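Engineer: Quick one: sequence plus predicted model below, questions after.
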Amino acid sequence: MFNLKALQRNKTVKYGVPMLLLIVGGSFGLREFTQIRYDAQKIKRKLDPSLEARVNVQMQSTILEEEYERVKELNLDNWKNIRGPRPWEESRKYQEEQRSRKNTKD
């Protein structure tokens with residue numbers, strides 16, 4: 001019935017079917033490889049149980065209202081903007097100069 005030679009000469013069978021297999025098989029293969037990557041990242045992120053418990057307690061204890069009260073107590077009106085040293089300036093010398101200016105004004 002089927003002539004094997006005619007089927008081998010058909011361009012669709014010769015080029016199209018392998019291309020479709022490559023595309024479909026590649027998508028399944030990539031899915032598996034990316035899943036391995038995300039699973040490995042999840043394992044790396046896992047914390048020590050005692051450390052994780054301490055982190056969770058600290059996260060729960062910080063309440064928005066408490067943080068607002070802490071920030072409200074800060075004096076934001078009396079601050080001075082001090083620029084950092086420029087690349088051509090000697091940083092250690094400039095820092096000492098800024099510290100001495102700050103101490104003399106206070």
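Structural biologist: In hand now; what should we look at? Residues are numbered from 1 along each chain as shown.

Engineer: for the chain, what are the low-confidence residue spans?
Structural biologist: Along the chain, segments meeting pLDDT under 70 span 1-2, 47, 57-62, 102-106.

Engineer: ranges for the helices of it?
Structural biologist: Along the chain, counting by DSSP state H, helices occupy 4-9, 11, 17-45, 49-61, 64-72, 91-105.

Engineer: got those as CSV, with mean neighbour count columns?
Structural biologist: In this view, the C-beta of every residue, glycine as well, is placed from N, C-alpha and C. Formatted as CSV, these follow (neighbours: other C-beta atoms under 10 Å):
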stretch, mean neighbour count
helix 4-9, 9
helix 11, 7
helix 17-45, 10
helix 49-61, 10
helix 64-72, 9
helix 91-105, 11
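
Engineer: will you turn these into a markdown table that also has distance to Trp79?
Structural biologist: Formatted as a markdown table, these follow (distance: least, C-beta to C-beta, whole Å):
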| stretch | distance to Trp79 |
| --- | --- |
| helix 4-9 | 82 |
| helix 11 | 76 |
| helix 17-45 | 38 |
| helix 49-61 | 28 |
| helix 64-72 | 14 |
| helix 91-105 | 11 |
